[in-house]
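Enquirer: Show me how the following folds:
(2 chains)
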Amino acid sequence: MEELLQVNNLEKIYYTGNNNHLKAVDNVSFNVNKGEVFGLLGPNGAGKTSTIKCICGLLDYEGGDVLVKGYSMKKKRRKGLKHISAVLEGNRNIYWRMTVKENLEFFSGINGLSSTKIKERMDYLIKQFQLEDQENVVVNKLSRGMKQKVAIAISLITDKDIILLDEPTLGLDVSMSHEMRQILRRIAKEEDKTILLSTHDMNVVEDTCDRLIIINNGQVIAKDTVENLKNLFNKEIYKILFKGNTEHQLLPKLKNVSNIVELQRQVDHNVVILQLNDANELFAIFELLKGESINLISIEKVTKNLEGIFMDLLKEEQQ
Amino acid sequence: MKYYYSFLSIAKREWIELRRYWFNSFIGIIMYVLVFVALFAGAQSIGQNNFALMDSLEGFLIGYALWFLAMGAFSDTAYSIVDEARKGTLEQLYMTEVPFTWLLISKNIVSTIIFVFLFMIITIVQMQITGIRLNLDFFSIFVTLFISLFSLYGVGLILAGVGLIFKKIQNLLGATQFILVAIMILSPTTVPIVKFLPFVYGRELIMNIMRNGYSIVGFTLLDWTFLIGNAVFYMAVGIYGYKISEKQVLKRGMLGQY
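Expert: Numbering: from 1, shown residues only, chains lettered A, B, ... in the order given. Model (predicted):
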């Protein structure tokens, strides 16, 4: 599989005065294959935007290198830019006083494409993004979601291989965010584009990405496919709800046969979250519960979504 | 062809903005003409149709129109770059396949054409108001202005670089008005050294064209050398200065940070 984008030991340092500095990107490495949707997940200030800006040549970096189709963004920036387009910081990078069509024509033009050459593609994108009714409307008058659609359409008009999207669903309402995720999936599939997106929204990654890295404080803390990460972190976790005041006797016994992740004392019941090595250990748990004078409410298996995994990883990092 | 299509795109965008927001430009011209009328009437009432004063009023008319034009050219580059950074579109312009410097030069060429037409229109309006007759050799004025304005764009580029780093440069741009007044007053005939300043030699040539019927056909080799040399020198200095600022901006990640 062709590796269109290679990020090798990338380092970005911001000097904050008085000899102080902040390492925003610290030894980050990953590769993105052709046709892949790759996620860059992390909390605010993790270094996602800095990484994206280093990739598209808008930020000089101190260490490592970014190769776009083999071209170093440090030494052959312009050649690398032939293969990259980006939507940065939500939808700020469109001309709000120009219409949708005028924007599409302008951005293709400044990339050296004639308006006759892109006419067919422009019509196709307007249709794909359902912007037919808005094509002659000044962008300023469009909703936030519509503006975001226009921004992504602009990134596609020049038909470059790699699309970088910085927080593509930021500030969108639930239905528009869902629509945007569908759009991103469609672009990757139908247009065979390589997409690198940064987000702190786990749903976006879960719905659209093939692989991801999770970064925090500029460092990679996990790198895998979405499926693998979910499998890795979704061990045998069970949630037991019961009524009764014997938890002081029950808990030490439970600790002997399992790993207690959490204990919550509610007003009328207690909750114990257990992590088992094997589902067969449940038999021992049942035996223990049977011997206690408690009123069992429920036992359920807990499945973690990416958000849960993400939170666990951050907690682990902090510890 | 890439350079040609990118130039056309910039030209089209400028035209769209001018057409869509014509009212703002129109009011600007009206205000300019009103201030001119007030100043001219004041000067006339003091001079009481004195011949020597009428002669200097010709210079005042051209100088005032050129000052208006130079103000626009001077701040156009600086303002447009800072404005693009504020809007977030500057980063997109940096990600094109053609160099950003070319996009800037394209914008300057388009702006110059617009500025020259504006200059001709306001000069004709001023001539109608004052009754002063001037030589409107459009071709000579156009060529001279077209070349000489690039020296001001060069200075504008340095200001743009400063603007990207320090963000707010309104006061600095305001102060340039006074520098420009000095440039409009200083004459290379009386103080030869000032011909090395940006725009001064071009302005002197335009004065000669409009007042004395001078034409580009009659330009000496020295005229062409100073005119072109001055424009190329200040544009090169401007690009170099901007590149220094750009290096800092790309290092600090301030290209779209507002």
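Enquirer: Would you map the helices across the stretch 101-250 of chain A?
Expert: Along the stretch 101-250 of chain A, counting by DSSP state H, counting those that start in this stretch, helices occupy A:115-128, A:144-157, A:174-190, A:202-208, A:226-233, A:247-257.
Enquirer: Please read the previous query as pertaining to the stretch 151-258 of chain B.
Expert: For the stretch 151-258 of chain B, the helices defined by DSSP H, counting those that start in this stretch cover B:170-185, B:200-212, B:221-252.
Enquirer: weakest of these by average pLDDT?
Expert: Per-stretch mean pLDDT for the helices of the stretch 151-258 of chain B is lowest at helix B:170-185 (a mean of 75).
Enquirer: how about that helix as PDB, C-alpha atoms only?
Expert: C-alpha atoms of helix B:170-185 as PDB (Å, rounded to 0.1, in the frame of the first residue of the first chain):
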ATOM      1  CA  GLN B 170      -3.200  51.100  12.400                       C
ATOM      2  CA  ASN B 171      -1.200  53.800  14.100                       C
ATOM      3  CA  LEU B 172       1.800  53.100  12.000                       C
ATOM      4  CA  LEU B 173      -0.300  53.200   8.800                       C
ATOM      5  CA  GLY B 174      -1.800  56.500  10.000                       C
ATOM      6  CA  ALA B 175       1.700  57.900  10.500                       C
ATOM      7  CA  THR B 176       2.600  57.000   6.900                       C
ATOM      8  CA  GLN B 177       0.100  59.700   5.700                       C
ATOM      9  CA  PHE B 178       2.500  62.400   7.000                       C
ATOM     10  CA  ILE B 179       5.500  60.600   5.300                       C
ATOM     11  CA  LEU B 180       3.600  60.700   2.100                       C
ATOM     12  CA  VAL B 181       2.800  64.400   2.400                       C
ATOM     13  CA  ALA B 182       6.600  64.900   2.700                       C
ATOM     14  CA  ILE B 183       7.100  62.800  -0.400                       C
ATOM     15  CA  MET B 184       4.500  64.900  -2.300                       C
ATOM     16  CA  ILE B 185       6.200  68.200  -1.300                       C
END
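Enquirer: before we move on, back to that, just name the most buried of the helices of the stretch 151-258 of chain B.
Expert: For those, the largest average neighbour count (mean count of other Cβ atoms under 10 Å in any protein chain shown) is found in helix B:200-212, namely a mean of 22. Heads up, the C-betas are built off the backbone N, CA and C, glycines and all.
Enquirer: so it versus helix B:221-252, what angle?
Expert: Here helix B:200-212 runs at an angle of 140 degrees relative to helix B:221-252 (axes from the mean of the first three to the mean of the last three Cα atoms, to 10 degrees).
Enquirer: Can you tell me what sits against helix B:200-212?
Expert: Contact partners of helix B:200-212, identified using Cβ atoms under 8 Å, 6 or more residues apart in numbering or on different chains, comprise B:58-59, B:62-63, B:66, B:70, B:123, B:134-137, B:140-141, B:144-145, B:147-149, B:151, B:183-184, B:186-189, B:194-195, B:214-216, B:219, B:223, B:226-227, B:230-231.
Enquirer: ditto for stretch B:154-170
Expert: For stretch B:154-170, contacts defined as Cβ under 8 Å, 6+ apart pick out B:73-78, B:80-82, B:85, B:104, B:172-173, B:176, B:198, B:231, B:233-239, B:241-246, B:248-249, B:254-255, B:258.
Enquirer: Go again with 7 Å.
Expert: For stretch B:154-170, the external contacting residues (Cβ atoms under 7 Å, 6 or more residues apart in numbering or on different chains) are B:74-78, B:81-82, B:85, B:172-173, B:198, B:234-235, B:237-239, B:241-242, B:244-246, B:248-249, B:254, B:258.
Enquirer: again, but for stretch A:56-65
Expert: A:8-13, A:50, A:53-54, A:72-74, A:77, A:80-81, A:84, A:86, A:164, B:91, B:94-95, B:250-251, B:253, B:255.
Enquirer: Figure out how far it is from the centre of its chain.
Expert: 21 Å (Cα atoms, centre = their mean, to the nearest Å).
Enquirer: Equivalent analysis for stretch B:184-196, please.
Expert: Relative to its chain's centre, stretch B:184-196 lies at 18 Å (Cα atoms, centre = their mean).
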